[in-house]
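Trainee: sharing a model prediction with you, sequence too.
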Amino acid sequence: WAGGASDPLMAWCTDTTNAVTTNTGIGDGAENTTAMLTNASPFAACTSGAGYSARAYHGGGLTDWYLPSRDDLDQMYLTQATIGGIGGAYWSSSQDDSATNAWKVGMAADQHFSNLKGDTGRVRPIRAF
């Protein structure tokens, strides 16, 4: 994956108007990403965007990458010196209370932003280990 300022900017999902059930907790990112990629009416399955790109990543020959939840990103903020190459605001897999918005987390000060799903944000796939 690119890292830092080179991490790609993209929209959250191709469906920017309908709600999908997601959670914010640590470890919820994998389930959230699956929900984003599964057609759960009226939500249309993502065919591009942050969740789709994170799941499509096969770094190291591994196929279990996903878009982190909001709380996963909070932990990444706390350990960014160890992780390295993180900067800017990253999409989480967590939708907020609005069907049209999802959470981004800013790595400069661990800030939570509710943004329109059609806006662009940085993407960094993660995996459980």
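Mentor: That came through, no problem.

Trainee: just the CA coordinates for the worst-scoring helix or strand of the chain on mean pLDDT, please, in CSV.
Mentor: Sorting the helices and strands of the chain by mean pLDDT, DSSP states H and E puts helix 80-83 at the bottom, at a mean of 88. Extracted in CSV, the C-alpha atoms of helix 80-83 (Å, rounded to 0.1, in the frame of the first residue of the first chain):
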residue,chain,number,x,y,z
GLN,A,80,1.1,5.8,14.2
ALA,A,81,4.8,6.2,15.1
THR,A,82,5.1,2.4,14.9
ILE,A,83,3.0,2.0,11.8
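
Trainee: for residue 54, see how far away residue 63 is.
Mentor: 12 Å (Cβ to Cβ, to the nearest Å). Any C-beta I mention is one placed from the backbone N, CA and C, and that applies to glycine too.

Trainee: between these two, which has more neighbouring residues?
Mentor: residue 54 (25 against 11; other Cβ atoms under 10 Å).

Trainee: and that one, how far is that from residue 127?
Mentor: 10 Å.

Trainee: again with residue 102
Mentor: 20 Å.

Trainee: between these two, who's got more neighbours?
Mentor: residue 102 (31 against 16).
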